[in-house]
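Novice: Only the shape, not the letters, is given here:
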């Protein structure tokens, strides 16, 4: 039985996880509003409903570890510690963005955080993760490379090639599959003969498991176990997080492949709902604390929007910067 001190510490940690998930949720909701106002243009893939995966996994990583992500990466970026103002400005395509506005929604990047994208190509992050991990192994650096990707990536050749090489060369990669059950708009049940993605990884010899991706504590525990094993024993680990996105694949998605009732059922067991209930049951959350938390998060989001609004677009004279080398340099 835990003593009061341990229970209080547990509640404090869970409160932190709740705040991180709320930061992502409110940021994404605001992005959806800004998109309809045409402040954010291009493609927009929201992370609403999947917050427990990013927040849980990031607890297991150090500042020296690398993170490679997908085009649904805003939640990963925020959980990794990227400044919300820089992320929002990138969404706007402004110079104040993490990629000077050149990457936009699908290419959030920050080398100082060892956050290497935001990659728009399905499964494109996997070979990058293998390369980063190979470099670390050859240099003798005790790092983990964490690679996020969706279940749709399992249908791509890069998925199989990357898992094979990571296991063959015993590379320190934590593969994290965010299985939200729909590869864009195609259910796994009609596209994959084996719907358990972790079993595909296991066929290459990787230690692999599935976890409830709607429970942040479960994700954190599994990610910690995986990263600890990588650091101690070497070689890759594979984690399939069973999750669900509450919004469409992108803002253009009409979602004809699923019913509103299905989405509503999943919303009732969403990651924020579950963690709030857990904290309320333990006495670690009351209405006053929750209201203050919501206020703090909304203030941060508002400040990020204000920063993005005030930031400038890159001038036309700088369009070739970073593309062509200046003569004599």
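Specialist: Okay, I see it. Bear in mind that the values here come from a model prediction, so they are computed numbers and not experimental data.
Novice: CA only for contacts and neighbour counts going forward, please
Specialist: Noted.
Novice: From residue 303, how far out is residue 323?
Specialist: Residue 323 sits 32 Å away from residue 303, going by C-alpha to C-alpha, to the nearest Å.
Novice: where do the helices sit along the chain?
Specialist: 4-36, 51-58, 74-80, 84-92, 125-139, 157-168, 197-202, 216-233, 260-267, 271-282, 287-310 (DSSP state H).
Novice: among the ones you listed, which gets the worst mean confidence?
Specialist: Confidence, taken as mean pLDDT, is least for helix 4-36 of the helices of the chain (a mean of 89).
Novice: now that helix, how far from the centre of its chain.
Specialist: 14 Å (C-alpha atoms, centre = their mean, to the nearest Å).
Novice: If you count neighbours, what's buried in it?
Specialist: Residues of helix 4-36 classed as buried by neighbour count (16 or more other C-alpha atoms under 10 Å): 10-11, 14-15, 17-28, 30-32, 34-35.
Novice: about what we covered before: residue 323 and residue 303: which has the busier surroundings?
Specialist: residue 303 (15 against 8; other C-alpha atoms under 10 Å).
Novice: my read: that one touches residue 85, true?
Specialist: Yes. Using C-alpha atoms under 8 Å, residue 303 is in contact with residue 85, at 7.2 Å.
Novice: Isn't residue 86 up against residue 95?
Specialist: No. Counting by C-alpha under 8 Å, residue 86 stays clear of residue 95, with 9.0 Å between them.
Novice: The two: who's more crowded?
Specialist: The residue with more neighbours, out of residue 86 and residue 95, is residue 86; 25 against 19, by other C-alpha under 10 Å.
Novice: residues touching the closest residue to that one other than its chain neighbours, list them.
Specialist: Nearest residue to residue 86, sequence neighbours excluded (C-alpha to C-alpha, 6 or more residues apart in numbering): residue 97, at 4.4 Å. Listed by C-alpha atoms under 8 Å, 6 or more residues apart in numbering, the contact set of residue 97 reads 85-91, 308.
Novice: Over to residue 251?
Specialist: Residue 251 makes contacts with 32, 43-46, as judged by C-alpha under 8 Å, 6+ apart.
Novice: which residues touch residue 246?
Specialist: Counting by C-alpha under 8 Å, 6+ apart, residue 246 has contacts 48-49, 263, 266-267.
Novice: mind redoing it with 7 Å?
Specialist: Counting by C-alpha atoms under 7 Å, 6 or more residues apart in numbering, residue 246 touches 48-49, 263, 267.
Novice: ok, so of these, who is nearest residue 109?
Specialist: Closest approach between the contacts of residue 246 and residue 109, by C-alpha to C-alpha: residue 48, at 20.2 Å.
Novice: Now do that closest one, the pLDDT please.
Specialist: 97.
Novice: Any figure for the gap between it and residue 208?
Specialist: 26 Å.
Novice: of the two, who's got more company?
Specialist: Taking other C-alpha under 10 Å, residue 48 and residue 208 do not tie; residue 48 has more neighbours (23 against 20).
Novice: shouldn't residue 175 be in contact with residue 150?
Specialist: No. Counting by C-alpha atoms under 7 Å, residue 150 is not a contact partner of residue 175; they are 10.6 Å apart.
Novice: neighbour count winner among these two?
Specialist: residue 175 (29 against 23).
Novice: Of all pairs in the contacts of residue 246, which one is the farthest apart?
Specialist: Farthest-apart pair in the contacts of residue 246 is 48 and 263; separation 11.8 Å (C-alpha to C-alpha).
Novice: And the contacts of residue 246, which is closest to residue 120?
Specialist: residue 48 (18.4 Å).
Novice: close enough to count as contact, that closest one and residue 25?
Specialist: Yes. Assessed by C-alpha under 7 Å, residue 48 is found in contact with residue 25 at 5.8 Å.
Novice: which residues does residue 213 contact?
Specialist: Contact analysis of residue 213 by C-alpha under 7 Å, 6+ apart lists 52-53, 219, 241-243.
Novice: pLDDT score assigned to it?
Specialist: For residue 213, the model assigns a pLDDT of 98.
Novice: Quick check: the gap between it and residue 222.
Specialist: From residue 213 over to residue 222 (counting by C-alpha to C-alpha), the distance is 10 Å.
Novice: now do residue 73
Specialist: From residue 73 across to residue 222, the span is 21 Å (C-alpha to C-alpha).
Novice: Neighbour count for these two, which is higher?
Specialist: residue 73 (26 against 23).
Novice: residues near the residue lying closest to that one once chain neighbours are set aside, how many?
Specialist: In space, and not counting its chain neighbours, residue 73 is closest to residue 118: 5.7 Å by C-alpha to C-alpha, 6+ apart. Applying other C-alpha under 10 Å, we find 27 residues neighbouring residue 118.
Novice: Repeat that for residue 318.
Specialist: Number of residues near residue 318 (other C-alpha under 10 Å) recorded here: 9.
Novice: need the contact list for it.
Specialist: If you count contacts by C-alpha under 7 Å, 6+ apart, residue 318 has none.
Novice: Please report how far it lies from residue 68.
Specialist: From residue 318 to residue 68 the distance is 28 Å (C-alpha to C-alpha).
Novice: Residue 23 is in contact with residue 297, correct?
Specialist: Yes. If you go by C-alpha under 7 Å, residue 297 and residue 23 touch, sitting 5.7 Å apart.
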